[in-house]
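A.B. asks: 3D, please:
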Amino acid sequence: MNLKNLQQRITTLNEMTKPHYKLYTQEEKEILTKTVKLNEEVGELCNDILGILKLQRKAKMKNFDKRNIYQEFADVIITTIQLAEVTGVDIERAIEDKLKKIEKRNLQEKDLK
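C.D. replies: Numbering: from 1, shown residues only. The predicted model follows:
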């Protein structure tokens, strides 16, 4: 298979699997935008973690500043809270519920040992 053939096959596949819906509301557009932004911020945090571990390529290491990781963590947290707001999630309740679930699971696992 050559690249031109692959591209044609993927074009056909895209037409077959194209979503048959549109984002109509401003809220739906905002949710999508915040979701994509969150992924971008997580990617930037991952890049900084690779830098701290010195697993980043040399060209990126030249401009790497390990102090940036603070900003990247903040960006992830802020964007997550923004996404929670537009989706109607009470982030405080969500975190509290999740912590209780994790604590319960850890206690159960401890009892099994």
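A.B. asks: tell me the helix or strand right after whichever strand or helix holds T12.
C.D. replies: Secondary structure assigned from DSSP states H and E places T12 in helix 3-17. Sequence-wise, the next helix or strand beyond helix 3-17 is helix 26-52, with elements assigned using DSSP H and E.
A.B. asks: could you give the mean pLDDT of that following helix?
C.D. replies: Here the mean pLDDT over helix 26-52 is 95, rounded to a whole number.
A.B. asks: show me which residues of it are buried.
C.D. replies: For helix 26-52, a neighbour-count test (16 or more other CB atoms under 10 Å) marks E30, I31, K34, L38, E41, E44, L45, N47, D48, G51 as buried. C-beta: built from backbone N, CA, C; applies to glycine.
A.B. asks: for the residues you listed, give me JSON lines that also has distance to L83.
C.D. replies: Compiled in JSON lines, these are given as follows (distance: CB to CB, whole Å):
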{"residue": "E30", "distance to L83": "9"}
{"residue": "I31", "distance to L83": "7"}
{"residue": "K34", "distance to L83": "4"}
{"residue": "L38", "distance to L83": "6"}
{"residue": "E41", "distance to L83": "10"}
{"residue": "E44", "distance to L83": "16"}
{"residue": "L45", "distance to L83": "15"}
{"residue": "N47", "distance to L83": "21"}
{"residue": "D48", "distance to L83": "21"}
{"residue": "G51", "distance to L83": "26"}
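A.B. asks: which of these sits closest to L23?
C.D. replies: Looking at those and their distance to L23, the nearest is I31, at 8.7 Å (CB to CB).
A.B. asks: ok, now how distant is that closest one from Q7?
C.D. replies: When distance is defined by CB to CB, to the nearest Å, I31 is 31 Å away from Q7.
A.B. asks: please name the nearest non-neighbouring residue to M61.
C.D. replies: Excluding the flanking residues, the one nearest M61 by CB to CB, 6 or more residues apart in numbering is G51, at 6.5 Å.
A.B. asks: how far is the worst-scoring helix or strand of the chain on mean pLDDT from where the chain is centred?
C.D. replies: The least trusted helix or strand in the chain, going by mean pLDDT, DSSP states H and E, turns out to be helix 58-62, with a mean of 86. For helix 58-62, the separation from the chain centroid amounts to 24 Å (computed by CA atoms, centre = their mean, to the nearest Å).
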